[in-house]
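Asker: A structural model of the following input is requested.
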Amino acid sequence: MASSGEEPRNGSPDRAGTGTEPSPTADATQLDTAEDFEVLEEEEEDLSELPPLEDVGTPLAPPREDTQPSEQGRGEAAEDPQEWLDVLGSGLLKKKTLVPGQGADTRPRKGQDVTVRLKATLEDGSVVEENPALTFTLGDCDVLQALDLCVQLLEMGETALIVADAKYCYGAQGRSPDIPPNAALTLEVELLAAQDAPDLELLSGKEKIELANRKRERGNFFYQQADYVLAINSYDIALKIISSSSKVDFSPDEEAELLDVKVKCLNNLAASQLKLDHYEAALKSCNLVLEHQPGNIKALFRKGKVLAQQGEYREAIPILKAALKLEPSNKTIHAELSKLVKKHADQKNVETEMYRKMLGNPSAAGTPGKCKDKLPWSIPWKWLFGATAIALGGVALSVVIAARN
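Answerer: Residues are numbered from 1 along each chain as shown. Below you'll find the predicted structure:
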């Protein structure tokens, strides 16, 4: 069965019940002209700091829910605070039961596929999303965090009102054009059904590809929000789906497509890990890509960046040269390679100066231009070391002879 992973599309979450976010502007510098790339941080001038992602599509929006209950609901929240459950204890996510359910033992479990009726509104009462039957995997962060966290608390048949801070909805970016930045949402949610997720071993090739892609796109959504921890979580889930064993035979085309998804997930996983300075993990992700595709430019580029961040300039430079050889016109790689060559030269100068000082010639500090000249004190040091060794050898021999006598 095909292994797991593909590169995330910068911000296309699953539309089925996940929030859609504004897609960032595509950056002109692309590491692979065959695929779309998007850079999230346009303010960075250093092109090397902008790891492009693959297959950027229109992000799927996490389910939107009533941002605010009606005016009556808001009044009730103020008048009867005891009716509201402070889900996280911070006051940023609250739940209130409107219609009781069938009992606590009917609450869904993480990993189950749940179906809910959803209505989302802004504070001014405008409806931004309605879905009569939204289905998603509970606990996989496939939808808004507010929804994912609160549905676990619903009983079957229960209808609840959820008031969520922007942090658990669309955050500082909002969702163009209907949800402004930093907008709180009110969600009216009814739990309709819950069932165990399908057995991965029994999924057809097409089903497994679609499921892995949905998780990958959700990772892209979180990457666009600069929530790299959740992005990594989604990519890991996608990779586990792809690498899971199967009792179903796949066609060669399906195997190839699964491998393609795996490579994309791994590449975007490396991009997210780089953002968090998890260099060893990012290096591992890049190496896994290169095991399947030794000429993958994105993996070569990111591997070079990881090694550079670790100060391994000598190892990073040939890797970036290999990437540049595959795509000579790539300005991003050119810029990164030029920067590393300069850093490597500076590093060698610093090391040379340090060795001079260690050998007791501080006067050379002011004459770096002569660092490559043969130093006049090098021969005396050699003679000194040699003489010391001979003297020590003589003493040792004398001791041995004396002992025998």
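Asker: going by C-alpha atoms from here, please, whenever you check contacts or count neighbours.
Answerer: Will do.
Asker: where along this protein do the helices fall?
Answerer: Per DSSP state H, the chain carries helices over the ranges 71-79, 145-151, 205-224, 228-243, 252-275, 279-292, 297-309, 313-326, 331-358, 378-404.
Asker: closest one to K95 among those?
Answerer: Set against K95 and scored by Cα to Cα, those come closest in helix 145-151, at 7.2 Å.
Asker: for that closest one, C-alpha coordinates in PDB please.
Answerer: Listed next in PDB are the C-alpha coordinates belonging to helix 145-151 (Å, rounded to 0.1, in the frame of the first residue of the first chain):
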ATOM      1  CA  GLN A 145     -11.900  24.400  17.200                       C
ATOM      2  CA  ALA A 146     -15.000  25.800  18.900                       C
ATOM      3  CA  LEU A 147     -17.100  23.100  17.200                       C
ATOM      4  CA  ASP A 148     -14.600  20.300  17.700                       C
ATOM      5  CA  LEU A 149     -14.300  21.000  21.400                       C
ATOM      6  CA  CYS A 150     -17.900  21.500  22.200                       C
ATOM      7  CA  VAL A 151     -19.500  18.700  20.200                       C
END
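Asker: between the helices of the chain, which gets nearest to L92?
Answerer: Per Cα to Cα, nearest to L92 of the helices of the chain: helix 145-151, 9.6 Å.
Asker: for that closest one, name the packing helices and strands.
Answerer: When contacts are defined as 3 or more Cα pairs under 8 Å, 6 or more residues apart in numbering; DSSP states H and E, helix 145-151 sits against strand 159-164.
Asker: how close does T137 get to T159?
Answerer: When distance is defined by Cα to Cα, to the nearest Å, T137 is 19 Å away from T159.
Asker: and if you look at A299?
Answerer: For A299, the distance to T159 - Cα to Cα - is 47 Å.
Asker: columns distance to D199, mean pLDDT and mean neighbour count on top of the helices of the chain, output as TSV?
Answerer: TSV is the format used below for these (distance: least, Cα to Cα, whole Å; pLDDT from 0 to 100; neighbours: other Cα atoms under 10 Å):
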stretch	distance to D199	mean pLDDT	mean neighbour count
helix 71-79	41	42	13
helix 145-151	21	95	23
helix 205-224	10	95	26
helix 228-243	10	96	24
helix 252-275	17	96	25
helix 279-292	26	96	19
helix 297-309	32	93	25
helix 313-326	40	91	19
helix 331-358	43	78	16
helix 378-404	72	64	11
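Asker: wait, which of those is closest to S176?
Answerer: helix 205-224 (13.3 Å).
Asker: so what angle separates the directions of that closest one and helix 252-275?
Answerer: 20 degrees (axes from the mean of the first three to the mean of the last three Cα atoms, to 10 degrees).
Asker: could you tell me the angle between helix 205-224 and helix 228-243?
Answerer: In terms of direction (the same axes, to 10 degrees), helix 205-224 departs from helix 228-243 by 170 degrees.
Asker: P100 contacts E158, doesn't it?
Answerer: Yes: the criterion here is Cα atoms under 8 Å, and P100 meets it with E158 at 4.9 Å.
Asker: more neighbours: which of the two?
Answerer: Per other Cα atoms under 10 Å, whichever of P100 and E158 has more neighbours is E158, with 21 against 13.
Asker: any idea how far R216 is from L266?
Answerer: 10 Å.
Asker: hang on, I meant G91
Answerer: G91 is 37 Å from L266, by Cα to Cα.
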